[in-house]
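S.K.: coordinates for the following, if possible.
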Amino acid sequence: HIGEAFKKIAKEIRLPGFRPGKAPRKVLEARIGKEYARGEAIRDALPEYYRQAIIEHDVDVIAPPDLDVTKGEEEGAVEFEAVVEVRPQITVAGYDGLRIEMPSPHASDEEIDQQIDQLRAQFSERVQVDRPAVDGDYVTMSISATHEGEPVEGLTADDYTYEVGAGFVVEGLDEQLRGAEAGDDIEFEADHPDPDEDGQLTFSVTIATIEEKQLPEHHDDFASEASEFETADELVTDTRTRIETMKRSQAPMLIAQKTGEALAALVDAEVPDALIQDQVQRQLQDMAMRMAQQGMQLEQFLEATGQSITDLTDNMREPAEEAAKVDLALRAVIVAEDMVLSDDELQAELDESSAQLGQTGAELRAAFEENGQLSALRTDILKQRAMDKLIESVEIVDEEGNPIDRADLEPIADEDDT
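M.R.: Reported below is the predicted structural model:
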């Protein structure tokens with residue numbers, strides 16, 4: 001290591017009569033002394049020796065170490081101490097009696113009506129009405145804005161049609177339009193809709209007409225016109241099937257999510273900040289990766305949403321803390337259930353993964369061992385098994401507390417598969 005340090009130093013300093021990087025070691029020793037190179041060597045070498053010690057002793061560290069050389073700074077063998085925060089071990093009471101609530105897998109009449117109403121809305125007509133405006137009505141109006149008596153560019157329009165409740169144009173407009181009638185003249189004060197512009201604006205609105213959206217009746221004629229079905233009953237049946245198919249397809253992910261939330265709620269130990277920060281960084285990296293796949297950079301997203309990186313990470317902190325709790329709780333379940341992973345089982349997992357990566361199981365194992373990640377891989381596999389065990393035993397009820405039959409959560413078989 002000292003020899004490597006001298007090579008690096010030779011490239012960094014210039015000595016008369018020698019090209020960069022070509023000064024002999026003895027010349028460098030005479031010029032700068034051995035002590036400087038030894039210090040550089042110790043600084044460069046310690047991280048690797050620390051990593052080897054972590055792997056050898058299988059220490060589950062969660063934060064950078066505080067390294068202190070205790071012997072050999074000037075000569076002889078080097079010894080050092082590393083003080084580092086480790087993952088806490090907790091116990092979780094009640095993990096074997098988890099209960100989660102999720103939507104019923106059966107389509108309710110309200111859900112069916114909502115889906116069909118969305119289809120009806122595509123064939124709706126606007127009809128003028130003689131009554132006060134309510135949310136969902138379309139108001140045709142003239143609108144103008146002034147600042148200190150001067151018109152404001154871009155905020156004046158005639159015969160402008162606006163859906164009440166849409167929340168556009170300017171804050172406060174919806175409140176003014178609710179209850180207004182055709183022929184009304186309205187004036188109100190509001191902030192400029194452009195956040196980069198200051199000052200109170202005066203808005204003047206004259207309502208010309210009010211129209212409501214009328215949906216076609218749900219009968220056989222509508223079903224045959226709007227869908228491939230001849231009757232309204234057939235349309236309802238198909239809508240029910242599509243809703244329930246979607247619910248069942250989402251059920252496995254939702255059960256896992258709800259089980260994790262229930263498990264995290266059992267953790268009353270304080271989560272180390274290092275674990276939370278690690279989870280935040282994981283979420284940030286995942287988000288940046290997904291955006292990159294869509295052709296967007298994280299900086300562009302922040303600019304478009306008006307957020308800083310601090311705002312974004314602060315918003316991620318709460319879900320990151322829950323993820324850290326789930327991690328600690330699953331590790332506690334592994335210990336409580338005496339779950340182990342044999343070497344053969346580990347190798348089988350490696351062999352399965354290696355086939356997808358175009359490697360042999362032995363090559364993949366060697367890579368994990370070299371990076372000191374074999375123990376972490378073993379734990380990840382056991383954590384997944386622990387989660388699977390909890391998912392199998394968790395009690396599932398609907399919003400009203402009624403038990404849900406797991407058979408009703410299984411995917412609906414495709415007719416082509418039956």
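
S.K.: quick one: the strands in the chain, in order.
M.R.: 66-71, 79-83, 99-101, 125-128, 138-147, 150-151, 157-163, 185-191, 200-214, 395-397 (DSSP state E).

S.K.: send me the second one as CSV with only the CA atoms.
M.R.: Same thing as strand 79-83. Presented in CSV, the C-alpha positions along strand 79-83 are these (Å, rounded to 0.1, in the frame of the first residue of the first chain):
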residue,chain,number,x,y,z
GLU,A,79,-4.3,-1.8,14.0
PHE,A,80,-7.6,0.1,13.9
GLU,A,81,-11.0,0.2,15.6
ALA,A,82,-14.2,0.8,13.8
VAL,A,83,-17.3,2.0,15.7
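
S.K.: hey, what's residue 190 bridged with?
M.R.: residue 201 (DSSP bridges).

S.K.: residue 133: neighbouring residues, count only.
M.R.: 26 (other C-beta atoms under 10 Å). Where you see a C-beta, it was placed from the backbone N, CA and C, and this is true even at glycine.

S.K.: separation between it and residue 81?
M.R.: 75 Å (C-beta to C-beta, to the nearest Å).

S.K.: count of residues packed around residue 141?
M.R.: Counted with other C-beta under 10 Å, the neighbours of residue 141 add up to 23.

S.K.: leaving out chain neighbours, which residue sits closest to it?
M.R.: residue 207 (4.9 Å; C-beta to C-beta, 6 or more residues apart in numbering).

S.K.: what residues does that neighbour make contact with?
M.R.: 133, 139, 140, 141, 177, 180, 181, 182, 183, 184, 185, 186 (C-beta atoms under 8 Å, 6 or more residues apart in numbering).

S.K.: of the residues you listed, closest to residue 326?
M.R.: Closest approach between these and residue 326, by C-beta to C-beta: residue 177, at 46.8 Å.

S.K.: from residue 121, how far out is that closest one?
M.R.: Residue 177 is 21 Å from residue 121, by C-beta to C-beta.

S.K.: of these two, give the one with the bigger neighbour count.
M.R.: residue 177 (24 against 11).

S.K.: hmm, residue 139 and that one touching each other?
M.R.: Yes - with contact defined as C-beta atoms under 8 Å, residue 177 counts as touching residue 139 (5.7 Å).

S.K.: find residues that contact each of those two.
M.R.: Shared contacts of residue 177 and residue 139, defined by C-beta under 8 Å, 6+ apart, comprise 133, 162, 164, 207.

S.K.: need those residues in TSV (columns: pLDDT).
M.R.: Output for these, formatted as TSV (pLDDT from 0 to 100):
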residue	pLDDT
133	96
162	95
164	96
207	96
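
S.K.: hmm, back to that, lowest average pLDDT across the strands of the chain?
M.R.: Lowest mean pLDDT of the strands of the chain: strand 150-151, a mean of 88.

S.K.: need the residues that contact that strand.
M.R.: 144, 145.

S.K.: what about the closest residue to residue 111 other than its chain neighbours, distance to residue 115?
M.R.: Among residues not flanking residue 111 along the chain, residue 243 sits closest, at 5.6 Å (C-beta to C-beta, 6+ apart). Note on residue 243: its distance to residue 115, by C-beta to C-beta, is 7 Å.

S.K.: below-threshold pLDDT in this structure: ranges please.
M.R.: 16-17, 19-22, 413-418 (pLDDT under 70).

S.K.: centroid-nearest residue for it?
M.R.: The structure's the chain has its C-alpha centroid closest to residue 283; by C-alpha atoms, centre = their mean the separation is 5.8 Å.

S.K.: wait, which of the strands of the chain is closest to residue 321?
M.R.: Between those, strand 99-101 lies closest to residue 321; by C-beta to C-beta that is 19.7 Å.

S.K.: name every strand pairing with that closest one and say which way it goes.
M.R.: strand 395-397 (parallel).

S.K.: pull the distance from the strand it pairs with to the chain's centre.
M.R.: 26 Å (C-alpha atoms, centre = their mean, to the nearest Å).

S.K.: how about stretch 142-158?
M.R.: On C-alpha atoms, centre = their mean, the centre of stretch 142-158 falls 42 Å from that of its chain.

S.K.: relative to residue 301, how far out is the residue lying closest to residue 385 once chain neighbours are set aside?
M.R.: Using C-beta to C-beta, 6+ apart and skipping residues adjacent in sequence, the residue nearest residue 385 is residue 339, 6.3 Å away. Using C-beta to C-beta, we find residue 339 at a distance of 40 Å from residue 301.

S.K.: with residue 384 instead?
M.R.: In terms of C-beta to C-beta, residue 384 sits 31 Å off from residue 301.
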